[in-house]
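Participant: A predicted structure for the sequence below; I have some questions about it.
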Amino acid sequence: MPITIGLLLALSFGASLAALGFLIWAIARRQFALSQSDASTIFEPGETAAPDDTTAFGRAPQGSHAHRFDVIRERIDVAGRRTVLLMAAVAAFWLVLGSVFGVIASLKLHLPDWLVGHAPLTFGRMRSMHLNLVAYGWLSVAGIASALWIVPRIFHTPLRHPGVAIFGAMVWTIGVGMGVTAIGLGYTQGVEWLEIPWQIGLLLAVGGACLAFPLVMTARHRKSHHIYVSGWYFLGGLVWFPVLYLIANLPGLHAGVQHATVNWWFAHNVLGLWLTPLGVGTAYYMIPKIVGQPVYSYSLSLLGFWGLALFYSQVGIHHLIGAPVPTWLVTLSIVHSVMMFIPVIAVAINQHTTVARNAWALKQSVALRFVALGALMYTLSSFQGSLQALRPVNSVTHFTHYTVGHAHLGAYGFTSMVLFGAFYYMLPYLTGRDWPWPRLLKLHFWLVVGGFAVYFLAVSAGGWLQGVGLLDTGRSFESVTRATIPYLQARSLGGSLMTLGHLVFAFHIAALLMGKGTLRTAIAGEAPAAANAGA
C-alpha cells in the first residue's frame, strides 16, 4: 500500500478515535444525560415564547424581560464585537469580489473568446479565484464570525482572548488575499480546493488555529454546565480545519494518484467537517432564537453531530470511482456516504419540525426565511450527495455540470443562506442600530433565491443530459458540449441575479457599519452597551 494512502487512513482513523474520545468524555461529564430542558439553555428564564428579530417583530418595550435580556447579551458581545464586525465587512467584500469572478468564469463557458487577452482573465484562473474567494473568503470568514458571536452567548460568558481572535482574523484575511493574488498571477498547486500555494496556505492554518483558540478557552470558562449543540459543531469545525488544511498541504509528500486521493479526502472534508459545522451550528441557534421556541428534539440534535463526526471523514473518495485506486477504498467511501443519511435525517427532523411548528414567523422574519431555507437545502444536498456516491448514479453525473450544481446546493443553498440570515439577525445587536432599509432584506432574499433556482435547475438538468450523452457511444463529444450551451447561458443569468443580490447585501452592511439606521434604545436611562463600546 502506498505510504500516502496508509497515512491518510491512519490520520482518518486517528480523527475517529479523537471523536470517540470526545464522545466518552461527554458521556462521563453527563453531557448526554439529556432532557428537553437542555434545549432551552440558549434562553434566559422567561424568554421562551417571545419571538426575537428586530427586523420582523419590532423591539420590546422598555422595562420588559425580553428587553433586559437583550442588554445582558449585548454586554457579552462586547469582547468579540470588533472582531466580528471586521470579519462581517471582510466577508461581504470577498463575497462580492468572488461573485464577480464567478460570473466572468460562467460567461466564458459559452463565450470562450471573451476576455482572452490577459492571462489572469482566462477561465482557469477566474474559476479558481472564484472558488477560493467564496470558500475561504466569504463562507469561512462569515461562518467564523457567526461562531465568535454565538459561542459566548450559549456559554453565558464573554469571548476569551479577543486579541488572539482579531490577530487570527487578520492573518486569515491576509492569507486569502495573497493566495487569490498568487492564483491570478499563475502561481498555483493545480489541485482543486488547494490551489493556493502551500507557503501562503499556512497562513490559513495559523489563522484558523488562532481563531479556534479563543473559542476553546471560552468553552473552558463557560458558566453554563451543558454544551449546547451549536457549541459542539463550532468547536469541532474550528479544531478540524487547521488539521485538515495542514495535512493536505504538506509539501512533497503526496504525488500522482495518491495526491488525488488526498485532494478529495480534503475537498469533501472541508465541506463536511468545516463549512457544514459552521452552517448547522448557526442554524441550531438562529431558528430557536428567532421563533422563541427550543428545538423539537434535543437528543436528535447531538445524534446529528456525532454521526457527522464519525461517518464523514472518508466520504470524499467516491469522487475517484473508476480511478486507479484500490476498489475497497472507494467502496468504503460509498458506505460512509450512505451512512450519512443517519445524521442528516436527525438534523432534518429537528430543524424542519421546529420551523413547521412556527411557520407563522416565516411571513415576518426575513432572517428566518434565509436560515430555514438553508436548513432545507442542507437536507436536500446531503441526500443528493449520498445518492450521487452510488456507482450507477455516479457513472452518469461524474465530470458533468451536475456535480457543479450539487456543490452549489451545499455551499450556497445551505451554508450561504444560513449565514445571510445570521448576519441579518446579529449585526443590529453588534452595532446598536436597526437595519436602515428593511425592504432591502426582502429584495436580497428574492434576488438570490430566484437566481439560485435558475442556476441550480439549469446545471442539474443540463449536467444530467450531458452525462447521458457522454455515455452514448453514437454521439460525438462536440455535439454533447454544444447541447449544454442553453443551460450554461441560464447558469450565467442565475449567477448574475445572485451577484446583484450580493451587491445589495454588501451595500446594506456598509450602510449599517457607517452609522445608518435607527439607534436602538436600552433600559431607561442607559445607552446600549454596543454604543458604549463605540458602535
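Facilitator: Here it is on my side, so go on. Values in this document were obtained by computation on a predicted structure and should not be read as measured data. Residues are numbered from 1 along each chain as shown.

Participant: Low-confidence stretches in the stretch 1-150 of the chain?
Facilitator: 1-35, 46, 58-74 (pLDDT under 70).

Participant: Counting by contacts, list what the longest helix seen in the chain packs against.
Facilitator: Using DSSP state H to define each element, the chain has its longest helix at helix 439-471. Helix 439-471 is packed against helix 366-388, helix 391-397, helix 401-408, helix 417-431, helix 477-483, helix 485-513, with contacts defined by 3 or more C-beta pairs under 8 Å, 6 or more residues apart in numbering; DSSP states H and E. Backbone N, C-alpha and C define where each C-beta goes, glycine included.

Participant: I'd like to know which of these lies nearest to Val335.
Facilitator: Judged by C-beta to C-beta, the one of the helices and strands packed on helix 439-471 that comes nearest to Val335 is helix 366-388, at 10.6 Å.

Participant: about what we covered before: deepest of the helices and strands packed on helix 439-471, which one?
Facilitator: helix 417-431 (a mean of 26; mean count of other C-beta atoms under 10 Å).

Participant: coming back round to it: the longest helix of the chain: which residues count as buried?
Facilitator: By 16 or more other C-beta atoms under 10 Å, the buried positions in helix 439-471 come out as 440-441, 443-445, 447-449, 451-452, 454-456, 458-467, 469-470.

Participant: pLDDT averaged over that helix - what is it?
Facilitator: Across helix 439-471, pLDDT averages out at 97.

Participant: and if you look at stretch 519-535?
Facilitator: Rounded mean pLDDT across stretch 519-535 is 43.

Participant: I figured Thr261 hits Val325, correct?
Facilitator: Yes: using C-beta atoms under 8 Å, Thr261 is in contact with Val325, at 5.9 Å.

Participant: out of these two, which sits in the busier spot?
Facilitator: Each of Thr261 and Val325 has its neighbours counted (other C-beta atoms under 10 Å); Thr261 has more, 25 against 19.

Participant: so which strand or helix has the more buried one?
Facilitator: helix 256-270 (DSSP states H and E).

Participant: name the helices or strands packed onto that helix?
Facilitator: Checked by 3+ C-beta pairs under 8 Å, 6+ apart, helix 256-270 has helix 3-28, helix 229-248 packed alongside it.

Participant: chain center to the helix or strand following that helix, what's the gap?
Facilitator: Sequence order places helix 276-291 as the next helix or strand after helix 256-270, per DSSP H and E. Helix 276-291 sits 11 Å away from the centroid of its parent chain (C-alpha atoms, centre = their mean, to the nearest Å).

Participant: Would you mind getting the angle between helix 276-291 and helix 229-248?
Facilitator: Using axes from the mean of the first three to the mean of the last three C-alpha atoms, to 10 degrees, the inter-axis angle of helix 276-291 relative to helix 229-248 is 160 degrees.

Participant: Helix or strand next in line after helix 276-291, which one?
Facilitator: Next helix or strand after helix 276-291 toward the C-terminus (DSSP H and E): helix 298-311.

Participant: Now do the contacts for the closest residue to Gln489 other than its chain neighbours.
Facilitator: Nearest residue to Gln489, sequence neighbours excluded (C-beta to C-beta, 6 or more residues apart in numbering): His110, at 5.5 Å. Contact analysis of His110 by C-beta atoms under 8 Å, 6 or more residues apart in numbering lists 485, 488-489, 492.

Participant: wait, which of these is closest to Val404?
Facilitator: Distances from Val404 to these, taken by C-beta to C-beta, are shortest for Leu488, at 10.3 Å.

Participant: how close does the closest one get to His401?
Facilitator: Separation of Leu488 from His401 (C-beta to C-beta, to the nearest Å): 8 Å.

Participant: Redo the helices and strands packed on helix 439-471 as JSON lines? Include mean pLDDT and distance to Ile317.
Facilitator: Output for those, formatted as JSON lines (pLDDT from 0 to 100; distance: least, C-beta to C-beta, whole Å):
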{"stretch": "helix 366-388", "mean pLDDT": "96", "distance to Ile317": "13"}
{"stretch": "helix 391-397", "mean pLDDT": "95", "distance to Ile317": "12"}
{"stretch": "helix 401-408", "mean pLDDT": "96", "distance to Ile317": "15"}
{"stretch": "helix 417-431", "mean pLDDT": "95", "distance to Ile317": "27"}
{"stretch": "helix 477-483", "mean pLDDT": "95", "distance to Ile317": "27"}
{"stretch": "helix 485-513", "mean pLDDT": "98", "distance to Ile317": "28"}
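
Participant: circling back to that earlier point, of the contacts of His110, which is the nearest to Val330?
Facilitator: Leu488 (30.0 Å).

Participant: In JSON lines, list the helices and strands packed on helix 439-471 along with distance to Ile150.
Facilitator: Formatted as JSON lines, the helices and strands packed on helix 439-471 follow (distance: least, C-beta to C-beta, whole Å):
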{"stretch": "helix 366-388", "distance to Ile150": "12"}
{"stretch": "helix 391-397", "distance to Ile150": "35"}
{"stretch": "helix 401-408", "distance to Ile150": "25"}
{"stretch": "helix 417-431", "distance to Ile150": "8"}
{"stretch": "helix 477-483", "distance to Ile150": "46"}
{"stretch": "helix 485-513", "distance to Ile150": "18"}
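
Participant: Can you list phi and psi of Leu519 for me?
Facilitator: Main-chain dihedrals, Leu519, degrees, to the nearest 10: phi -70, psi 130.

Participant: hang on, the earlier thing: please report the distance of the residue nearest to Gln489 from His406.
Facilitator: Distance of His110 to His406, given as C-beta to C-beta: 21 Å.

Participant: Helix, strand or coil: sort out the residue of the chain most remote from its centre for me.
Facilitator: Here the chain reaches farthest from its C-alpha mean at Gly474, the gap being 41.9 Å by C-alpha atoms, centre = their mean. With DSSP: H, G, I helix; E, B strand; the rest coil as the basis, Gly474 sits in coil.

Participant: pLDDT at it, what is it?
Facilitator: For Gly474, pLDDT reads 92.

Participant: Tell me who's in contact with it.
Facilitator: If you count contacts by C-beta under 8 Å, 6+ apart, Gly474 has none.

Participant: my read: Gly410 touches Gly385, true?
Facilitator: Yes: at 7.1 Å, Gly410 counts as touching Gly385 under the criterion of C-beta under 8 Å.

Participant: Look up how far Ala359 lies from Thr353.
Facilitator: The value you get for Thr353 to Ala359, if C-beta to C-beta is used, is 11 Å.

Participant: which of the two has more neighbours?
Facilitator: When neighbours are counted by other C-beta under 10 Å, Thr353 comes out ahead of the other of Thr353 and Ala359, with 14 against 11.

Participant: which phi and psi does the more buried one have?
Facilitator: Per degrees, to the nearest 10, the backbone of Thr353 is at phi -70, psi -40.

Participant: From what I see, it and Pro294 are in contact.
Facilitator: No: contact criterion C-beta under 8 Å: Thr353 and Pro294 do not qualify, at 11.6 Å.

Participant: picking up where we left off before, find residues that contact each of Thr353 and Ala359.
Facilitator: Here Thr353 and Ala359 have no joint contacts, going by C-beta under 8 Å, 6+ apart.

Participant: Pull up the overlap in contacts between Leu488 and His401.
Facilitator: Gly462.

Participant: What's the local residue count around Gly515?
Facilitator: For Gly515, the neighbour count with other C-beta under 10 Å is 12.

Participant: and it, that's in a strand?
Facilitator: No: with three-state DSSP as the criterion, Gly515 is coil rather than part of a strand.

Participant: Surely it touches Gly432?
Facilitator: No: the criterion here is C-beta under 8 Å, and Gly515 misses it with Gly432 at 9.9 Å.

Participant: where does the residue farthest from the centre of the chain fall, phi/psi-wise?
Facilitator: phi -90, psi 0.

Participant: Same question for Ile317.
Facilitator: Dihedral angles (degrees, to the nearest 10) for Ile317: phi -70, psi -10.

Participant: follow-up on the earlier one: let me have the contacts of His110 in TSV, extended by distance to Ala39.
Facilitator: Converted to TSV, those look like this (distance: C-beta to C-beta, whole Å):
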residue	distance to Ala39
Ile485	50
Leu488	45
Gln489	47
Ser492	44
